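Student: quick one: sequence plus predicted model below, questions after.
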Amino acid sequence: MKRPTAHAVSSWSQTLLRTMLFALASGPGVWAIGALTTGTWITGAMTNCALGQDSNETNPKETKKRKSEEKSPLFMRVSQTEAGQPQALECAVAKYKIASGPYAGAVVDLIGAVHVGEKSYYQRLNSMFKSYEAILYELVAEASDKPQKSERRRGGNPISSIQTGMKDALKLSFQLEEIDYRAKNFVHADMNPSEFSDDMAKRNDGIISMAARLMGAGFALQGSKKNSDAQAEMTAAMLSRDPLRMRRAMANQFESLDNQMVGIADKDGKSTLLTERNAKAFSVLEEQLKAGKRKLGVFYGAGHFPDMHDRLIKDFGAELIETDWVEAWNLRNDAIK
């Protein structure tokens, strides 16, 4: 059998890493169905569309400048000591205020989630959620199918399997087992299984095509020494099976998540898993605002937030007024007990 080349191993490891990061930061997965395994199985072009660029762009410098000017704020970060020692992976609670129009004065918080985390992280979120009139939550499921707190997940789709495996490997807890989705102010703000499957089919989307786009994004990032060093450390950490080392290596990758998440978009910059689920969430947000609610939280994976940030500013006339941070992963030397 012919052995894989170092380049092939590097490409594979980058694609695998981006898939894991996507699974942890984009959503808690599909509940009760294997929807991610449905749809049309085609490969996507691993070219400019992998980075969310229009294939007709002819001036990369202008495009890069425009993207930089439009860059959204950070929604996930690694805090460090002055000596550079990692302390924690933190998720943002970004507060937006609508300045004018029919919803003037309303406050919408984007509450970032990473879908495996410390038990104390989810306890803090449960306490925080009580102060909102409505918490709009992500879960591809029927609105009536709310998971019980501490309920074990059913398997059946790749994202769920990755998330469950990473929870065990990193010695962390899982979101669907810790968050109280039965709270009275929780409002489902995501696609149901039929909508999800239909949208994927409409886009000729599927796991293979998204994996191809992720690989294309990986090719585009390979030239960076920083990226190469990070990939080498991630591979070493996974082979070591050391939970703390794996946490630290993976946490460092989350800070560059924006570019990696763009990798799943099609040539129009859209994808079922991100932009179209966001559109559904914001249609529910508008319904809640029309009903008179003025303090709302949107509880979604932090990978969804660059697009949601743009929607709040452009579609609702909102302004980001404050960002707080919640510790999701302990990265200190004594983290694993």
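Tutor: The structure has been received and is ready for your questions.
Student: in the stretch 101-250 of the chain, which spans are helices?
Tutor: For the stretch 101-250 of the chain, the helices defined by DSSP state H, counting those that start in this stretch cover 119-129, 158-170, 175-178, 193-202, 207-221, 225-240, 243-254.
Student: which of those helices has the lowest mean pLDDT?
Tutor: Here the lowest mean pLDDT among the helices of the stretch 101-250 of the chain goes to helix 207-221, at a mean of 56.
Student: in this structure Gln175 contacts Ile111, no?
Tutor: No. Judged on C-beta atoms under 8 Å, Gln175 makes no contact with Ile111 at a distance of 12.0 Å. Just so you know, the C-beta spots here come from the backbone N, C-alpha and C atoms, and that holds for glycine as well.
Student: Ala113 touches Gly303, doesn't it?
Tutor: No. Applying C-beta under 8 Å as the test, Ala113 and Gly303 come out as separate, 9.5 Å apart.
Student: so Ala134 touches Val187, yeah?
Tutor: Yes. Judged on C-beta under 8 Å, Ala134 makes contact with Val187 at a distance of 5.0 Å.
Student: between these two, which contacts overlap?
Tutor: Applying C-beta atoms under 8 Å, 6 or more residues apart in numbering, one finds that Ala134 and Val187 are jointly contacted by Gln288.
Student: and the residue nearest to Phe305 when sequence neighbours are not counted, backbone torsions?
Tutor: Nearest non-adjacent residue to Phe305, counting by C-beta to C-beta, 6 or more residues apart in numbering: Phe75, 4.3 Å away. Reported as degrees, to the nearest 10, the phi and psi values for Phe75 are phi -120, psi 0.
Student: these two touch, right, Phe75 and Leu89?
Tutor: No. Under the criterion of C-beta under 8 Å, Phe75 is not in contact with Leu89, lying 11.8 Å apart.
Student: circling back to that earlier point, which one of Gln175 and Ile111 is surrounded by more residues?
Tutor: Gln175 (28 against 24; other C-beta atoms under 10 Å).
Student: with adjacent residues omitted, what lies nearest to that one?
Tutor: The shortest distance from Gln175 to any non-neighbouring residue, by C-beta to C-beta, 6+ apart, is to His115 (4.6 Å).
Student: count of neighbours near that neighbour?
Tutor: Residues lying near His115 (other C-beta under 10 Å) number 25.
Student: got it, and Leu170?
Tutor: So Leu170, with other C-beta under 10 Å, has 20 neighbours.
Student: and it, how close does it get to Asn330?
Tutor: Per C-beta to C-beta, to the nearest Å, Leu170 is found 11 Å from Asn330.
Student: what are the ranges of the strands in this protein?
Tutor: With DSSP state E, the ranges of strands along the chain come out as 76-80, 86-98, 107-113, 116-117, 134-137, 173-174, 186-188, 295-301, 318-330.
Student: gap between the residue nearest to Phe305 and Val114?
Tutor: Using C-beta to C-beta, Phe75 is found at 10 Å from Val114.
Student: find the residues that touch each one of those two.
Tutor: Shared contacts of Phe75 and Val114 (C-beta under 8 Å, 6+ apart): Cys91, Ala302.
Student: out of the two, which sits in the busier spot?
Tutor: It is Phe75, of Phe75 and Val114, that has more neighbours when counted by other C-beta under 10 Å, with 27 against 24.
Student: any idea of the pLDDT on the more buried one?
Tutor: For Phe75, the pLDDT comes out at 92.
Student: cool, and His309?
Tutor: On pLDDT, His309 comes in at 97.
Student: which secondary element of this protein has the worst mean pLDDT?
Tutor: Least confident element among the helices and strands of the chain, by mean pLDDT, DSSP states H and E: helix 60-69 (a mean of 40).
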